[in-house]
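Enquirer: what follows is a predicted structure for the sequence shown.
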Amino acid sequence: MAARKSPFRDDVLRGKVALVTGISVISFKIAVQLARHGAHVAMMGRRREVLDKAVAVLRSHGLPAVGFQGDVRKQEDAARVLASTVEHFGKLDILVNGAAGNFLASPEDLTPKGFRTVLDIDTVGTYTMCYEALKYLKKGGPGKGPSTGGLIINISATLHYTAAWYQIHVSAAKAGVDSITRSLALEWGTDYEIRVNGIAPGPIGGTPGMRKLAPDEMGKGKREMMPLFKLGETRDIAMAALYLASDAGKYVNGTTLVVDGGLWLSHPRHVPKEEVKELSKVVEKKVRASGVGVPSSKL
């Protein structure tokens, strides 16, 4: 099937270099669309086999891509991958922080270690990547940086805008990500002409998040509960990233763009806790067995 025509020019990001962390379905789709619109793309992930597959898929379609293995929780990995990206492509213009962790857990069952793990990946990992990227993104920085400051896009969520069952760890982590976005937009926008924005996806079809957090067994009739009566697509998130990265978004700074069809405006759904606990075990087994996370060869 032919790819849908993009609302953006094919060369809208020509000459730009982007680093995308986390090779989830959404992060991969963002990387694809950045590359399709002219950017040279580096990807960072912990699992070598998934990273290699993602790079191979982009290259098979003639898109410039490279992969670097690393963990956003480790400052030395962040520094190494950013330096390798600049060494490979000559500069850095765009950083997309997409690495994240999630699972279902009630507060009674979630240990502080489990809580901390998600914050370390989502919140601390996001800040660590931003911190190490500053010298490459700021105006006049090393690595032949852009004439004006670069762009950071932090992938957030909508869970913490109200509240969500069994997601206290992710809600706390993403609230921190939103705060990082606003604070860096103020400080680095003023000092270095770096724009910092976020994207908060709602329920996106075909993602591990949907299979884990709202599988068919628990989500019957979920489309009828949504303002637009449908799930979002990974392409919707990628198009939001393109908007922020393109000249169309050049005056947007410090904003987290919600892409959820208006779902966050409604109330969270109550599901009996024991039902979710048992279901989560089944879902985790299915996800592991299916090899979810390996990018498809289809773009």
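Expert: Arrived safely.
Enquirer: helices along this structure, start to end?
Expert: Here the chain has its helices, by DSSP state H, at 25-36, 48-60, 75-89, 112-119, 125-137, 168-192, 208-213, 234-245, 273-290.
Enquirer: count the neighbours of residue 185 for me.
Expert: Residue 185 sits with 21 neighbouring residues when counted by other C-beta atoms under 10 Å. C-beta: built from backbone N, CA, C; applies to glycine.
Enquirer: show me what contacts the closest residue in space to it that isn't next to it in sequence?
Expert: The shortest distance from residue 185 to any non-neighbouring residue, by C-beta to C-beta, 6 or more residues apart in numbering, is to residue 254 (3.2 Å). Shown in contact with residue 254 (C-beta atoms under 8 Å, 6 or more residues apart in numbering): 181-182, 185-186, 189, 196-197.
Enquirer: where's residue 254 relative to residue 151, distance?
Expert: According to C-beta to C-beta, to the nearest Å, residue 254 and residue 151 sit 12 Å apart.
Enquirer: shared neighbours of these two, which are they?
Expert: Common neighbours of residue 254 and residue 151 (C-beta under 8 Å, 6+ apart) are 196-197.
Enquirer: pull out the buried members of the contacts of residue 254.
Expert: 181-182, 185, 196-197 (16 or more other C-beta atoms under 10 Å).
Enquirer: so which of the residues you listed is the closest to residue 41?
Expert: residue 197 (18.4 Å; C-beta to C-beta).
Enquirer: OK, contacts around that closest one?
Expert: Going by C-beta under 8 Å, 6+ apart, residue 197 touches 151-154, 181, 185, 244, 249, 252-257.
Enquirer: tally of neighbours for residue 63?
Expert: So residue 63, with other C-beta under 10 Å, has 19 neighbours.
Enquirer: dihedrals phi and psi, it?
Expert: phi -100, psi 140 (degrees, to the nearest 10).
Enquirer: sorry, back to before: which of the helices of the chain has the lowest mean pLDDT?
Expert: Note on these: helix 208-213 shows the lowest mean pLDDT, a mean of 57.
Enquirer: distance to residue 204 for the buried ones among the contacts of residue 254 - can I get that in a markdown table?
Expert: What follows is the buried ones among the contacts of residue 254, written out as a markdown table (distance: C-beta to C-beta, whole Å):
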| residue | distance to residue 204 |
| --- | --- |
| 181 | 20 |
| 182 | 24 |
| 185 | 25 |
| 196 | 23 |
| 197 | 18 |
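Enquirer: circling back to that earlier point, got a pLDDT number for the residue nearest to residue 185?
Expert: pLDDT at residue 254 comes out at 98.
Enquirer: what's the spacing between it and residue 193?
Expert: From residue 254 to residue 193 the distance is 13 Å (C-beta to C-beta).
Enquirer: middle-most residue in the protein, spatially?
Expert: The chain has residue 98 as the residue nearest its centroid, 2.7 Å off, counting by C-alpha atoms, centre = their mean.
Enquirer: list the contacts for that one?
Expert: Contact analysis of residue 98 by C-beta under 8 Å, 6+ apart lists 20-22, 24, 26-27, 30, 155.
Enquirer: what's across from the closest residue to residue 236 other than its chain neighbours in the sheet?
Expert: Once flanking residues are discounted, residue 236 sits nearest to residue 259: 5.4 Å by C-beta to C-beta, 6+ apart. When bridges are called by DSSP bridges, residue 259 pairs up with residue 201.
Enquirer: OK, contacts around residue 259?
Expert: Counting by C-beta under 8 Å, 6+ apart, residue 259 makes contact with 199-202, 232, 236-237, 240.
Enquirer: using CSV, lay out these together with distance to residue 123 and neighbour count.
Expert: CSV is the format used below for those (distance: C-beta to C-beta, whole Å; neighbours: other C-beta atoms under 10 Å):
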residue, distance to residue 123, neighbour count
199, 16, 26
200, 15, 23
201, 17, 21
202, 20, 21
232, 24, 22
236, 24, 19
237, 20, 26
240, 21, 22
